[in-house]
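here's a sequence, model it:
(one chain, ligands or ions: 1)
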Amino acid sequence: MEAVQFSTVASRQFCAASHSFSTNTKSWSRGVSTHARKSSGLRSSWTGSNGPVSLSSRNLFARDVWRWVNSKSVTLGRGMRGVVVRAEMFGQLTSGLEAAWNKLKGEEVLTKENIVEPMRDIRRALLEADVSLPVVRRFVQTVSEQAVGVGLIRGVKPDQQLVKIVHDELVKLMGGEVSELVFAKSGPTVILLAGLQGVGKTTVCAKLAYYLKKQGKSCMLVAGDVYRPAAIDQLVILGEQVDVPVYAAGTDVKPSVIAKQGLEAAKKKNIDVVIMDTAGRLQIDKAMMDELKEVKRALNPTEVLLVVDAMTGQEAAGLVTSFNLEIGITGAILTKLDGDSRGGAALSVKEVSGKPIKLVGRGERMEDLEPFYPDRMAGRILGMGDVLSFVEKAQEVMRQEDAEELQKKIMSAKFDFNDFLKQTRAVARMGSVTRVLGMIPGMGKVTPAQIREAEKNLKIMEAMIEAMTPEEREKPELLAESPARRKRIARDSGKTEQQVSQVVAQLFQMRVRMKNLMGVMEGGSIPTLSNLEEALKTEQKGPTGTARRKKRSESRRQFIDSASTRPSPRGFGAGN
Ligand SMILES: Nc1nc2c(ncn2[C@@H]2O[C@H](COP(=O)(O)OP(=O)(O)OP(=O)(O)O)[C@@H](O)[C@H]2O)c(=O)[nH]1
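Residues are numbered from 1 along each chain as shown. Here you go, the predicted structure:
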């Protein structure tokens, strides 16, 4: 398999760099770099156009976060060409809110007067996101009250203050804490799934089983959708796919009887969790509710979860309310979040119905079901990306030793070209490129053309690294100090000397940034807005070190500065 990768070797900057090398479009490269810095060192890069695209990631915020990061990889398909990057999840809302922050640029303090316009933008953004009007009203009022009362905080700009207040209120709006699934103290835990037709119920049954199996629980699926024979077949196939038994009794038996029989069968097999699929209807009707009530009575479930489609916006919140009133539910599962650019459902369900979103579906694959984290979602809405979900994904696929080894190297500023290559070759099974991009701060706005460009550029970088000797890969200093070596690499890889110089310069810049960010984040955990600011301030101050070290690195620094600022008339990717 040709190594074609999408790697986030803790190095969005590398990707950013590749963009800036290639596109020669200053505004784009500047924009990406800013995003890269703002993302506190989470970096991504990808290479290759003809082989499988793979992906791995690192988050450099703190040791404990690092521990989550294990390496593994996933093949994403043949090349990234043709990948369509869908709208960033909640992208519309994110841009709407950005307008609000922008109105506060240049202000000294938040006042009753100067928040009028931003609050109007926030209100509009939420309404456009399909959040229900009463919810929007309450939200805007709470945020306004807090904003005016917050006063002047030294070193924090008013727009940042407002972002923080909105962030915290969004978290509260979505329920604050993660709402975990409840398990029965004895006997099997029974999860009853309900929902309208086509929302993804049957798929969720299998996804949920897959999710719980990963936590060491044995599961059984029960096929209760007797009105659509294909639904039973679909469940059986999905059950096979996730290697979980399926109890089915055909279409002639009442769902409540199937429920009882399924539960008995599960008990006999000492199954930990029974997941019951039920029929969906086009709309709520009495017959449907009565049948569900009967099934509920037969099962006495631990969890009754309503599966709702995120793309239906505030309608989803209304459904959760109706189902709760009618049959009593314990929470909701929001599916198709990957296709939702507005966010109305995620924002409204808890506030409108009082019931939490417990899990979210973010794709069609079995692994695309995860807990709903209000704080991460808020971060993502504000354009900070879903860093922790991203890192958790990476953890599933990355070896711990590798992560620790890499962390050591970064802390001692020894991250080298071998590490870069190794990471780009660690193929990670992390989901679609689109989804992963959406999780990386700022990356959701990357267009397919930009992806293709970056893909091309990373391939070029890989060619250069391959032309280096093992010693040069380990000690990039050799390249910084020797034009002859750079010339040889340029010749062997078919690139220009300038391109080689830029790649070497970039590695040094990466080292400095990574080290600074790691240093600042060390001991912290989740990248919050405030420590992000601190990290960036420290980064701007430059690396610390003894005078001697500083002197030794001076000439290298000069090389880096000149290489990275040299004009690149034809762009990094040109002429290859
Ligand atoms: N993109 C995306 N598609 C999903 C998600 N969840 C489910 N789907 C797709 O939605 C479609 C409908 O899913 P089903 O599981 O058949 O829906 P259902 O609610 O069981 O449908 P009925 O049995 O007709 O009531 C399928 O094509 C799924 O692959 C998700 O989170 N994201």
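
residues from the protein in reach of the ligand?
195, 197-203, 225, 228, 231, 280, 335-336, 338-339, 361-364, 368 (Cβ under 6 Å from any ligand atom). Backbone N, C-alpha and C define where each C-beta goes, glycine included.

mind listing the strands in the stretch 351-500 of the chain by residue range?
For the stretch 351-500 of the chain, applying DSSP state E, counting those that start in this stretch gives strands covering 357-361, 369-371.

give me the residues contacting the shortest one.
So that's strand 369-371. Under the contact criterion Cβ atoms under 8 Å, 6 or more residues apart in numbering, strand 369-371 has outside partners 178, 180, 204, 207-208, 210-211, 333, 358-362, 389.

the same query, at a cut-off of 10 Å, please.
178-181, 200, 203-204, 206-212, 333, 335, 337, 357-363, 376, 386, 389, 392-393 (Cβ atoms under 10 Å, 6 or more residues apart in numbering).

can you list the strands that it pairs with?
Strand pairing for strand 369-371, determined by DSSP bridges: strand 357-361 (antiparallel).

ChimeraX command for the buried members of the contacts of strand 369-371?
Buried residues among the contacts of strand 369-371 (16 or more other Cβ atoms under 10 Å), as a ChimeraX selection:
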select :179,181,200,203,204,206,207,208,209,210,211,212,333,335,337,357,358,359,360,361,362,363,376,386,389,392,393
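
F139 is in contact with V131, correct?
Yes. Counting by Cβ atoms under 10 Å, V131 does reach F139; the two are 7.7 Å apart.

hmm, which helix or strand of the chain has the shakiest average pLDDT?
Within the chain, confidence by mean pLDDT, DSSP states H and E is lowest for strand 75-78 among all helices and strands, at a mean of 26.

continuing past that one, what's the next helix or strand?
Sequence order places helix 91-102 as the next helix or strand after strand 75-78, per DSSP states H and E.

check which element follows that next one along the chain.
Using DSSP H and E, the first helix or strand after helix 91-102 is helix 116-128.

buried ones in the very next helix or strand once past that following helix, by neighbour count?
Later in the chain than helix 116-128, the nearest helix or strand by DSSP H and E is helix 133-149. Under the neighbour-count criterion of 16+ other Cβ under 10 Å, helix 133-149 has 135-136, 139-140, 142-144, 146-147 buried.

and stretch 258-271, by the same measure?
For stretch 258-271, by 16+ other Cβ under 10 Å, it's 258-263, 265-266, 271.

returning to what we had before: any common contacting residues for V131 and F139?
By the contact definition Cβ under 10 Å, 6+ apart, V131 and F139 are jointly contacted by 123, 173, 347, 351.

about what we covered before: helices - which of the residues of the chain next to the ligand land there?
Among these, the ones falling in helices (DSSP state H) are 201-203, 231.

now pLDDT too, for those, in CSV please.
Shown next, in CSV, are those (pLDDT from 0 to 100):
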residue, pLDDT
K201, 93
T202, 93
T203, 94
A231, 88
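
ok, of those residues, which come out buried?
The neighbour count (16+ other Cβ under 10 Å) marks 201-203, 231 as buried among those.

just to be sure, V504 is in a strand?
No. Read with DSSP: H, G, I helix; E, B strand; the rest coil, V504 is helix and lies in no strand.

distance of it from the ligand?
Distance, V504 to the ligand, using Cβ to the nearest ligand atom, to the nearest Å: 42 Å.

can you check R486 too?
Between R486 and the ligand the computed distance is 47 Å (Cβ to the nearest ligand atom).

now that residue, nearest residue through space, not along the chain?
In space, and not counting its chain neighbours, R486 is closest to V500: 4.6 Å by Cβ to Cβ, 6 or more residues apart in numbering.

so that neighbour touches A484, yeah?
No. With contact defined as Cβ under 10 Å, V500 does not count as touching A484 (11.5 Å).

so which of those two has more stuff around it?
Of the pair V500 and A484, V500 is the one with more neighbours under other Cβ atoms under 10 Å, namely 26 against 8.

measure that one to the ligand for me?
Distance of V500 to the ligand, given as Cβ to the nearest ligand atom: 42 Å.

against Y247, how distant is that residue?
V500 sits at a distance of 63 Å from Y247 (criterion: Cβ to Cβ, to the nearest Å).

please apply the same query to V360.
Counting by Cβ to Cβ - V360 and Y247 are separated by 27 Å.

go on, A279?
Per Cβ to Cβ, A279 is found 16 Å from Y247.

looking at those two, which one has more neighbours?
Y247 (24 against 19).

what pairs with that one across the strands?
Bridge pairing for Y247 (DSSP bridges) gives the partners V222.

beta partners of whatever residue of the stretch 351-500 of the chain ends up closest to the ligand?
Minimum separation of the stretch 351-500 of the chain from the ligand (Cβ to the nearest ligand atom) falls at G361, amounting to 2.8 Å. Beta-bridge partners recorded for G361 (DSSP bridges): L369.
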